[in-house]
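Asks: Pasting the sequence and the predicted coordinates here, then a few questions.
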Amino acid sequence: MEMAKATADLITKSLRHSCGLPVECVIADTCIGGFAEAAACAEKFARAGVGVSLTVTPCWCYGSETMDLDPLIPKAIWGFNGTDRPGAVYLAATLAGHSQKGLPCFGIYGRDVQDLGDTTIPHDVREKILRFAKAGIATATMKGNAYLAIGGVSMGIAGSIVDQDFYQSYLGMRVESIDMTEFVGRLNKGIFDHAEYERALKWVKANCKEGKDYNAKPRTREQLDQDWETSVKMALIARDLMIGNPKLDEMGYHEQARGRNAIASGFQGQRQWTDHFPNGDFLEAILCSSFDWNGIRQPFVVATENDAMNGASMLLGHLLTGTAQMFSDVRTYWSANAVKRVTGRELTGPGENGFLHLINSGPSAIDWTGEQSIEGLPVCKPYWEITPEEAAKCLDETLWCASDLGYFPAGGWSSDFATNGGMPCTMFRINLVKGLGPVMQIAEGTTIALPQDMHDALDQRTSPAWPTTWFVPRTTGHGPFRDVYTVMAHWGANHGAISYGHIGADLITLASMLRIPVDMHNVSEEHVYRPTSWYRFGGLEPQGADYRACAAYGPLYD
């Protein structure tokens, strides 16, 4: 019981939900010695809405009588490493029981023997408890929510052919789909909070600085102002479609007020929408950011071009970190030779062996300017740690450029900034492969800043009115991470989700809970943490074992 209390204290003091609320821990009323107590514990957990199960013990008990048998709840066991009582024996026996019964379970076993009265939690045990808990909470949070597909397939991008079976079977979510005419109807009928619209438009005019119009025939001031008005309305409408708005109920729009219970969404945009209406760049960028006219708040997850696979990836990153996620094209690999040919200058520093150009007109959250800081270093913070001054700096470093009419004939606005260098980050994505299912790829690395003249020379070759992040993945000299070029060559789609920090180990743990194998990653072996039964599928070949285990167990919610 003291182990349980210490573990609960660790979790509640260390972790928060992505919404900012502290994680709550529920402890069984008694120690569990047999099935009667196990059943009472399960009933208490069900009443309390527990979504993640962690068993702790310093001693032996009857494993198959006491183990958690709920197949939908992520589970782990910490067996105390002490010679006085056989906690480790229970751990091994019950993990074997989980494997035999087809219920994957994470094992937690400290490296060093502790005295029985030692109530401290060793560092290695602490790391595994928190990694398991973070991933388990993400799994539980997704369950029962929705991905809202606003529109359909964008420009033939396969990721926006929303696979409902993937969301249902692997994430426990449903897909809600609406036609773009829902947007037109709400715009034409004024189905949004008009008082908030006026406040939002005033905020935009005061805080969103306009940049250069790169079009051969620039937009008139009247057109630009009209684009702002429509773009702000679109942001309000997209948010209301996701989570609802009680103000609409007061206006008599009772059904529209309820929203779609969406924890993530995607906006089709090109081309059926953008040929006739301003693009979705502003709504995507501002909703994905941690602040707007209502102040600092939890960022939304909105995937550009309705790329639902990148949207799912962004969702995982947000649930693990609480931070704003970036959606980018994995646009270009720049080698040192190519940079020298174009700019006449040698690359030096972290990017001396080449880098990737991450750029997209859509939801590069404004947080990704890198104007938030910890001890003077650029970061992306969970929204509850962001100060008003940091939000203002992010806005000040962002320009809003009239959209490229070649891409967006009906106009709109695109954000433009360059991400600060020196930010550790992780690029990742889930891809669907016929005959295999979903697979995840992960690349940890760092952002870099280029000298201004070099940045301009490279940025002007593509879409200078879009936000740019120069990214150097960490290479290993072999496999998909032999060099930066090889990372680009192995990437599975034109898009990637990017999260602040090196979260590859957390993503690997979460993917194993969801039964999604990982086809490439550059996380060191000692930080890879999966259910213990994965070893039984070929421990000498961890990547192959991951594929075989995920195939054997199948989707979590099937």
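Replies: Cool, the structure landed.
Asks: what's the burial count for P22?
Replies: Close neighbours of P22, defined as other C-beta atoms under 10 Å, add up to 12. (Each C-beta comes from the backbone N, C-alpha and C, glycine too.)
Asks: Average pLDDT for the top helix by length along the chain, rounded please.
Replies: Looking across the chain with DSSP state H, the single longest helix is helix 221-243. The pLDDT scores in helix 221-243 average 98.
Asks: next SSE after that helix?
Replies: helix 246-250 (DSSP states H and E).
Asks: Might you report the residue contacts of the residue most central in space within the chain?
Replies: Closest residue to the average C-alpha location of the chain: G317 at 2.0 Å, with C-alpha atoms, centre = their mean. Applying C-beta atoms under 8 Å, 6 or more residues apart in numbering to G317 gives the contacts T323, Q325, T426, F428, A497, I498, S499, I503, L507.
Asks: quick one: it and M427, what's the gap?
Replies: 10 Å (C-beta to C-beta, to the nearest Å).
Asks: Find residues that contact each of the two.
Replies: Contacts common to G317 and M427, judged by C-beta under 8 Å, 6+ apart, are A497, I498.
Asks: tally of neighbours for the nearest residue to the residue nearest to the centre of the chain once chain neighbours are set aside?
Replies: Leaving aside its chain neighbours, G317 sits nearest to S499 (3.6 Å; criterion: C-beta to C-beta, 6 or more residues apart in numbering). Look at S499: counted by other C-beta under 10 Å, it has 25 neighbours.
Asks: Tell me the bridge partners for S499.
Replies: T426 (DSSP bridges).
Asks: Surely L54 forms part of a strand?
Replies: Yes: L54: assigned to a strand according to DSSP: H, G, I helix; E, B strand; the rest coil.
Asks: where's E444, which helix or strand?
Replies: For E444, the host element (DSSP H and E) is strand 437-448.
Asks: And L72, by the same measure?
Replies: Using DSSP H and E, L72 is not contained in any helix or strand.
Asks: circling back: now for the strand holding E444, which elements pack on it?
Replies: helix 164-171, strand 424-433, strand 468-473, helix 504-514, strand 518-520 (3 or more C-beta pairs under 8 Å, 6 or more residues apart in numbering; DSSP states H and E).
Asks: rewinding a little: buried ones in the longest helix of the chain?
Replies: Across helix 221-243, burial judged by 16 or more other C-beta atoms under 10 Å covers 224, 227-228, 230-242.
Asks: try stretch 155-162
Replies: Residues I157, G159, S160, I161, V162 are the ones in stretch 155-162 that count as buried (16+ other C-beta under 10 Å).
Asks: cool, stretch 64-81 as well?
Replies: Buried, per 16+ other C-beta under 10 Å, within stretch 64-81: T66, M67, D68, I73, P74, K75, A76, I77, W78, G79, F80, N81.
Asks: ditto for stretch 334-352
Replies: Going by neighbour count (16+ other C-beta under 10 Å), the buried part of stretch 334-352 is W334, A336, V339, T343, L347, P350, G351.
Asks: What is the longest helix of the chain packed up against?
Replies: Against helix 221-243 (3+ C-beta pairs under 8 Å, 6+ apart) you get strand 146-150, helix 181-189, helix 194-207, strand 262-267, helix 281-288, strand 413-416.
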